[in-house]
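Peer 1: Pasting a predicted model and its sequence here:
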Number of protein chains: 2
Amino acid sequence: MSVFINVFYICIVKRSEIKQHIIETASQLFYRNGYNLTGINEIISTSGVAKATLYNHFKSKEDICVAYLQHKNNSFIKQIEAFCLSKELGKGRVLALFEFLELFFEDQDFNGCWCIKTVAEIPRDNEIILTEIQTQKRDFIRFIEQLIIDNIEDINVQESFMMAKQVYLLYEAAVSESHLHKDVWPINSSKQLCNKII
Amino acid sequence: MSVFINVFYICIVKRSEIKQHIIETASQLFYRNGYNLTGINEIISTSGVAKATLYNHFKSKEDICVAYLQHKNNSFIKQIEAFCLSKELGKGRVLALFEFLELFFEDQDFNGCWCIKTVAEIPRDNEIILTEIQTQKRDFIRFIEQLIIDNIEDINVQESFMMAKQVYLLYEAAVSESHLHKDVWPINSSKQLCNKII
DNA sequence: TAAAAAAGACAGACTGTTCTGTCTTTATTA
DNA sequence: TAATAAAGACAGAACAGTCTGTCTTTTTTA
């Protein structure tokens, strides 16, 4: 039996993948239930990892938080980029942002923006986490800007940056408000307005 | 000394105003430091009220949370309404929303939207608090809608509702994002875009 | 004098973090 | 290939706090 369990366990988490496994487990819990409401004990019991092992990989809960944010952002950027590029060249690729969000919203795990959620939970003076979040958002604005440059005709640098910020604001509002109202209307309204300005 | 302290204390909070005093103290703490990071003990020590007294007025921390949200919303609506009406009739009264937000942002106590913050902190299934928040937001949209009807010429009911939702989304994005980026640019971008659509 | 507030002890559950000592896996050597 | 060494994952206790909410006793106010 011991052998079976061992073999079985290895199938789930290889030794070399333990850190990643902890990150994924913590991410699910943090995103679903919130950072402060998720305890270390819940993370270790859910992931099946020993406490000492967790603290071998991360020096503190805050450390896990940063890893969680990065994990979320990495997969998000990868997915939304692939989704937009799957559409035909042109305005549609910008509007695809909101179509992606629609799918994201319909996902049962949707729980709003992890950055906004986390900012709301940490003390004002936690610069480590705040900096990580601001970096993610600035990268996202740059991603939108490139999308605009590549897909909107006759647009100069100044205009494209201004437009990127506006599209970004509409996207962010759509995420937060669809979550708050538990309804898709903010996504539609934002998309409509975005269509008007691009 | 005991007498002095008592006299001094009475000057601050009359007996009949204790409940209101608790709400105001809790509001400051919840808004500044977050709901979960603010303990009952901090509320009582800051307000100078006994624990039993607090639990005489509120049956639970959640109860105080609802009172906090209502308190915030009441004073917000009162202030923004007065500010908008202080401007000249016309489009300017709609744009005044963002001018109000600018002042709000510059206030040292500014810490984003209390609704978004609170939603991020409570468990998904807390319907009492969520309902309170959704009601506040719907009321705010209705307020914006009335502002549009009163100040934009030749607009029908359908258009005004659609526009109200869009202006609302821009306002909400401006609040959250100016807070996140610690910068005024989201307010300016939102205002600019709002000006374009009204 | 009766009602209400103050003060703070209290229960009981939870927090993040550190630690010990054991067992298992992996890498290196002979 | 077999023996050994190093790395690190394991369980679980302990630490010094925290938390909400209840309760009793004393003091103050109307």
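Peer 2: Arrived safely.
Peer 1: From B:Asn195, how far out is A:Arg124?
Peer 2: A:Arg124 sits 32 Å away from B:Asn195, going by CB to CB, to the nearest Å. For glycine as for every other residue, the C-beta is placed from the backbone atoms N, C-alpha and C.
Peer 1: what ranges of chain A fall below the confidence cut-off?
Peer 2: Scanning chain A with the threshold set as pLDDT under 70 gives A:1-16.
Peer 1: could you pull out the helices for it?
Peer 2: In chain A, the helices defined using DSSP state H lie at A:2-12, A:18-33, A:40-47, A:51-57, A:61-85, A:91-106, A:114-121, A:127-151, A:157-181, A:185-197.
Peer 1: For the shortest one, give me every contacting residue.
Peer 2: Read that as helix A:51-57. A:Ile18, A:Lys19, A:Ile22, A:Ile40, A:Asn41, A:Ile43, A:Ile44, A:Ser47, A:Ile64 (CB atoms under 8 Å, 6 or more residues apart in numbering or on different chains).
Peer 1: Go through the helices of chain A and name the closest to B:Asn111.
Peer 2: helix A:114-121 (9.2 Å; CB to CB).
Peer 1: Not counting the closest one itself, show me its contacts.
Peer 2: By CB under 8 Å, 6+ apart, helix A:114-121 touches A:30-31, A:34-36, A:65, A:68-69, A:72, A:111, A:129-130, A:133, A:136-137, A:172, A:175-176, B:34, B:36-37, B:112, B:116-118, B:120-121, B:176, B:179-180.
Peer 1: From those residues, keep the buried residues only.
Peer 2: A:30-31, A:34-36, A:65, A:68-69, A:72, A:111, A:129-130, A:133, A:136-137, A:172, A:175-176, B:34, B:36, B:112, B:116-118, B:120-121, B:176, B:179-180 (16 or more other CB atoms under 10 Å in any protein chain shown).
Peer 1: any idea how far A:Arg93 is from A:Ser86?
Peer 2: Counting by CB to CB - A:Ser86 and A:Arg93 are separated by 9 Å.
Peer 1: Would you mind telling me which of the two has more residues around it?
Peer 2: A:Arg93 (19 against 10; other CB atoms under 10 Å in any protein chain shown).
Peer 1: Wait, that one touches A:Ile148, no?
Peer 2: No: look at A:Arg93 against A:Ile148 with CB atoms under 8 Å: they stay out of range, at 9.2 Å.
Peer 1: ok so, going back, looking at the contacts of helix A:51-57, which two lie furthest apart in space?
Peer 2: Farthest pair in the contacts of helix A:51-57, by CB to CB: A:Lys19 and A:Asn41, 18.7 Å.
Peer 1: Between these two, tell me which one has more neighbours.
Peer 2: A:Lys19 (15 against 9).
Peer 1: Nearest spatial neighbour of the more buried one, chain-adjacent residues omitted?
Peer 2: In space, and not counting its chain neighbours, A:Lys19 is closest to A:His57: 4.7 Å by CB to CB, 6 or more residues apart in numbering or on different chains.
Peer 1: How about A:Leu97?
Peer 2: Per CB to CB, 6+ apart, closest to A:Leu97 is A:Tyr171, 5.7 Å.
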